[in-house]
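> Sharing a sequence plus its predicted fold:
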Amino acid sequence: MTPALDFVFEIRAHLAPARHVGHGDGEALAFTPITGGTVTGPRLTGTVLPGGGDWGSTRGAVCQLDARYLLQAEDGAVIDVVNRGYYRPGPDCPAQYEEDGLRVSEAGVYFRTAPVFRTDAPAHRWLAETVFVGLARPEDEGRTVVIRMYALR
C-alpha cells in the first residue's frame, strides 16, 4: 500500500523581518516573527494569530525550521501549531502543482514541514490525531510563507 495525501487547508502566514540571534558551531540562528495571516481550505478556515515565530538554524545551505504559532478557527477554537521542517536548495526539486494547475512549491527549493497540532475543541480534534505534511513556498518577496497542508491517509 502506498500512503496517500489529502489536501486539507492552506496557511498564509505574514512575516516580519528576521532577527539575527547568534552564531553557534558553524550555524546561524535567526527568529522570524509571525504577525498574522489566514487559513483556508475544505477542512479548516480561520486566521493565524500574531505572536508566534520561526526559529531558523542555518548550516551551510540548509535551514532547519522550528516554528510555533496559533491558529484561530472560524468557530473561535484556538489551535496550537508546532511546525518543523527544512528549507534548502535542491536541483532535484521540480515545481509541484495541484491537479487544477495551482503551484504549491517552487522549482529548485526543498521547503517541507511536518506540523503537529494541539486543541481540545471537539470539532477540530482530528487535527491532533492525524499526521500532516506541509509543502511550503515564500511569497511577497519573503513577507508571506504559504504552506499547503496535506493529511496522510
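All right, it came through fine.

> distance of Tyr110 from Ala61?
Distance check for Tyr110 against Ala61: by Cβ to Cβ, to the nearest Å, it reads 10 Å. (C-beta placed from N, C-alpha, C; glycine too.)

> ok, now Gln72?
According to Cβ to Cβ, Gln72 and Ala61 sit 35 Å apart.

> okay, and the common contacts of Tyr110 and Ala61?
Residues touching both Tyr110 and Ala61 by Cβ atoms under 8 Å, 6 or more residues apart in numbering: 88-89.

> who has more neighbours, those two?
Tyr110 (16 against 9; other Cβ atoms under 10 Å).

> so what's the nearest residue to Ala28 once chain neighbours are set aside up against?
Among residues not flanking Ala28 along the chain, Thr58 sits closest, at 4.9 Å (Cβ to Cβ, 6 or more residues apart in numbering). Thr58 is in contact with 27-30, 64, counting by Cβ under 8 Å, 6+ apart.

> For Thr58, which residues count as its bridge partners?
Beta-bridge partners for Thr58, by DSSP bridges, are Ala28, Cys63.
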